[in-house]
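J.: Fold the following.
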Amino acid sequence: MVAMRRLPHLNGIRAFEVAARCGSFAAAATEMNVTAAAVSRMVQVLEARLGVPLFERKANRLMLTAHGRTYQVGLSPILDALAQLTDQVQAQAGSRVLTIGVGPTFAIRWLIPRLESFRKIAPDIDVRITTGGVAAPFADDWTCGIKLGDGNWPGLVAERLFDADLFPVCAPRHAQRLKSPRQLKPVSLLRVRHAREDWPQWLRAAGLTGISVAGPTFEFYGQALQAACDGLGVSLGIRPYVDDDLRARRLVAPFKLSVPKSDHWFLIFKASRREEPTFVTFQRWIRNAVQARRSLP
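T.: This is a model prediction of the structure:
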């Protein structure tokens with residue numbers, strides 16, 4: 001059972017903090033839009049609750065006692081944080097801005113081609129895409145993010161979207177010459193710098209040894225996949241990056257073997273965003289998009 005908080009009356013706390021900052025009940029009354037007598041009474045009630053004096057009342061000014069100084073030093077940052085949190089919640093409540101943090105390849109190869117359908121159901125939402133790659137931390141101004149990982153992001157809610165399956169893909173004219181995975185040996189295998197284990201993982205699953213993973217190395221999956229479309233070599237496709245390319249026959253998968261990565265795609269967000277209308281609309285849309293993808297042959 002959670003213990004009940006023992007808090008003094010918040011009006012008294014505010015009256016004390018303003019009076020301590022302004023140096024008089026009269027100045028505090030002006031800021032709080034009440035009378036000086038009302039401020040004085042609220043502070044007296046707070047002092048009675050605490051059991052200690054917070055001010056020495058002089059003829060023309062107030063002086064903090066030692067207890068008062070301790071209380072003010074602790075209260076000011078708490079009230080500043082409360083004001084900031086209030087502004088944040090009010091801004092979220094009235095905001096129709098949706099900021100999505102996502103890696104550049106996911107944005108270009110899956111999300112952006114589908115945003116037209118989102119705009120049809122929510123034309124009043126201002127969608128903003130911000131990219132930063134796999135290692136980019138979750139930013140406070142993001143409404144949500146889409147990331148590849150193990151689902152463990154401290155302080156964030158992670159909702160699983162897609163599996164991330166790996167399989168070789170290449171331009172159609174190259175696929176005609178690849179009847180067996182063993183024929184990859186003389187072929188240029190396109191690599192991604194931050195995913196060096198992808199090819200070794202797939203080759204082990206195919207039971208292949210003695211194949212050197214040699215070929216150009218790219219910073220992002222999207223670059224390697226574009227190079228494969230242009231006939232530079234064979235890349236490892238990763239779902240859902242290659243869904244549209246396979247359907248359009250820009251890329252083909254010459255072999256049936258598909259190997260799941262240990263990571264998955266997740267929609268990530270702060271729990272405080274869960275009821276935010278713009279986020280709820282996007283969450284519902286992407287869930288439907290994921291379901292529609294699963295129903296495709």
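J.: C-alpha from now on. contacts and neighbour counts both.
T.: OK.
J.: Would you map the helices across the stretch 1-150 of the chain?
T.: Taking DSSP state H, counting those that start in this stretch as the test, the helices found in the stretch 1-150 of the chain are 10-22, 25-32, 36-50, 66-94, 104-106, 115-121.
J.: what packs against the second one?
T.: Going back to what we said before, that points to helix 25-32. Packing contacts for helix 25-32, counted by 3 or more Cα pairs under 8 Å, 6 or more residues apart in numbering; DSSP states H and E, involve helix 10-22, helix 36-50.
J.: Please point out which parts of the first one sit buried.
T.: In terms of neighbour count (16 or more other Cα atoms under 10 Å), helix 10-22 has its buried residues at 12-20, 22.
J.: what comes into contact with it?
T.: Helix 10-22 is touched from outside by 25, 27-28, 31-32, 39, 42-43, 45-46, 62, 64, 72, 75-76, with contacts defined as Cα atoms under 8 Å, 6 or more residues apart in numbering.
J.: What's the biggest strand in this structure, counting residues?
T.: Determined from DSSP state E, the single longest strand within the chain is strand 157-169.
J.: what's the distance between that strand and the middle of its chain?
T.: 17 Å (Cα atoms, centre = their mean, to the nearest Å).
J.: Parallel or antiparallel, which strands does that strand pair with?
T.: strand 234-238 (antiparallel), strand 259-269 (antiparallel) (DSSP bridges).
J.: Stretch 232-246 - what's its average pLDDT?
T.: Taken as a whole, stretch 232-246 has an average pLDDT of 90.
J.: circling back to that earlier point, for the next helix or strand after the longest strand of the chain, packing partners?
T.: Using DSSP states H and E, the helix or strand that follows strand 157-169 in sequence is helix 172-175. In terms of contacts (3+ Cα pairs under 8 Å, 6+ apart), helix 172-175 is not packed against any helix or strand.
J.: Against E116, how distant is D124?
T.: Between D124 and E116 the distance is 13 Å, computed by Cα to Cα, to the nearest Å.
J.: pLDDT below threshold where in this structure?
T.: 1-5, 87-95, 132-136, 294-297 (pLDDT under 70).
J.: can you list the residues that contact stretch 117-133?
T.: 96-104, 107, 278, 281-282, 285.
J.: give me that answer again for 6 Å
T.: With contacts defined as Cα atoms under 6 Å, 6 or more residues apart in numbering, stretch 117-133 is touched by 96-104.
J.: For L161, state which of these is nearest.
T.: V102 (13.5 Å; Cα to Cα).
J.: Any idea what the closest one is bridged to?
T.: The partner residues for V102, given DSSP bridges, come to T131, I146.
J.: just checking, it touches I146?
T.: Yes. At 5.2 Å, V102 counts as touching I146 under the criterion of Cα atoms under 6 Å.
J.: circling back: which among the helices and strands packed on helix 25-32 is found nearest to R173?
T.: Comparison of these against R173 by Cα to Cα identifies helix 10-22 as nearest, at 73.4 Å.
J.: Output that closest one as CSV, restricted to C-alpha atoms.
T.: The C-alpha coordinates for helix 10-22 follow below in CSV (Å, rounded to 0.1, in the frame of the first residue of the first chain):
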residue,chain,number,x,y,z
LEU,A,10,-0.6,24.5,-1.4
ASN,A,11,-2.0,28.0,-1.2
GLY,A,12,0.1,28.5,1.9
ILE,A,13,3.2,27.2,0.2
ARG,A,14,2.7,29.5,-2.7
ALA,A,15,2.0,32.5,-0.5
PHE,A,16,5.2,31.8,1.5
GLU,A,17,7.4,31.3,-1.6
VAL,A,18,6.1,34.5,-3.2
ALA,A,19,6.5,36.5,0.0
ALA,A,20,10.0,35.2,0.5
ARG,A,21,11.0,36.0,-3.0
CYS,A,22,9.3,39.5,-3.0
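J.: relative orientation of that helix and helix 36-50 in degrees?
T.: Orientation of helix 10-22 against helix 36-50 (axes from the mean of the first three to the mean of the last three Cα atoms, to 10 degrees) gives an angle of 110 degrees.
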